[in-house]
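1. just coords:
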């Protein structure tokens with residue numbers, strides 16, 4: 001919002017496994033409306049968009065094979081974001097959707113210099129939690145009917161977080177599937193026969209939970 005003066009908290013937005021579509025860009029704009037400076041990050045480079053789940057899997061495979069790759073690219077985005085005069089470098093967050101959720105969680109666990117991260121329907125399997133590396137507060141927004149992220153993943157994630165006394169909050173939204181925040185999820189699910197659909201209530205509730213999380217972390 002160019003009408004605002006001075007430095008403000010900043011947010012990196014990491015896309016789903018499809019790539020930097022209009023959806024994460026829309027989320028970045030909504031964050032700007034809330035008064036943040038926000039940047040949608042292209043993890044695949046060159047604006048590559050997956051045409052189908054097979055391509056999406058191919059694009060994301062290197063990141064799952066090497067979690068450090070995601071952190072390296074997110075760190076580069078963080079460096080870029082800090083070059084803008086509006087950015088308060090002491091208060092930078094990262095949020096991610098699906099694939100992006102796993103990227104921001106892994107990056108935080110690998111020691112990314114972030115104030116907090118929010119995962120929306122993100123993958124929970126990843127690098128082990130390490131109390132010497134984790135600096136960020138964490139909010140996980142998880143769909144109660146997510147067929148891609150099972151109960152074992154949830155239990156293991158919570159166990160790891162608890163084992164290092166991490167500052168995290170885990171919220172489950174009833175009847176919400178994977179990709180529940182994306183208005184296009186229902187059509188995409190039908191097109192590719194995937195168990196995903198949009199859930200307006202869970203979308204609104206999780207967005208509000210994110211806003212409260214940001215406010216809480218910024219007050220510390």
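-> Nice, I can see it. Model, not experiment: these values are computed from the prediction. Numbering: from 1, shown residues only.
2. list the contacts of stretch 50-67.
-> Stretch 50-67 is contacted by residues 17-19, 43-44, 48, 69-70, 99, 102-103, 106, 110, 126-127, 192, 194 when judged by C-beta atoms under 8 Å, 6 or more residues apart in numbering. The C-beta positions use only the backbone N, C-alpha and C, and glycine is treated the same way.
3. from those residues, which would you call buried?
-> Among the contacts of stretch 50-67, those classed as buried by 16 or more other C-beta atoms under 10 Å are 17-19, 43-44, 70, 99, 102-103, 106, 110, 126-127, 194.
4. tell me which of these fall in strands.
-> Of the buried ones among the contacts of stretch 50-67, none are assigned to strands by DSSP state E.
5. how far away is residue 73 from residue 61?
-> Plainly put, residue 73 is 15 Å away from residue 61 if you go by C-beta to C-beta, to the nearest Å.
6. of those two, who's got more company?
-> residue 73 (19 against 11; other C-beta atoms under 10 Å).
7. so who does the closest residue in space to the more buried one that isn't next to it in sequence touch?
-> Leaving out its chain neighbours, the residue that sits closest to residue 73 by C-beta to C-beta, 6 or more residues apart in numbering is residue 43, at 5.7 Å. Contacts of residue 43 were listed using C-beta under 8 Å, 6+ apart, and they are 14-15, 19-20, 63, 70, 73, 99-100, 103.
8. helices - which of those land there?
-> Among those, the members found in helices (DSSP state H) are 63, 70, 73, 99-100, 103.
9. tell me which of the residues you listed is nearest to residue 178?
-> Nearest to residue 178 among those is residue 99, at 10.8 Å by C-beta to C-beta.
10. could you list the paired strands of the longest strand along the chain along with their orientation?
-> Ordering each strand of the chain by length in residues (DSSP E) puts strand 87-97 first. Strand pairing for strand 87-97, determined by DSSP bridges: strand 8-14 (parallel), strand 116-120 (parallel).
11. tell me the most buried of the ones you listed?
-> strand 116-120 (a mean of 29; mean count of other C-beta atoms under 10 Å).
12. C-terminal to it, what's the next element?
-> Reading on from strand 116-120 to the C-terminus, the next helix or strand found by DSSP states H and E is strand 137-143.
13. hang on, the earlier thing: can you give me the angle the longest strand of the chain makes with strand 137-143?
-> In terms of direction (axes from the mean of the first three to the mean of the last three C-alpha atoms, to 10 degrees), strand 87-97 departs from strand 137-143 by 30 degrees.
14. no further queries at this time; thank you.
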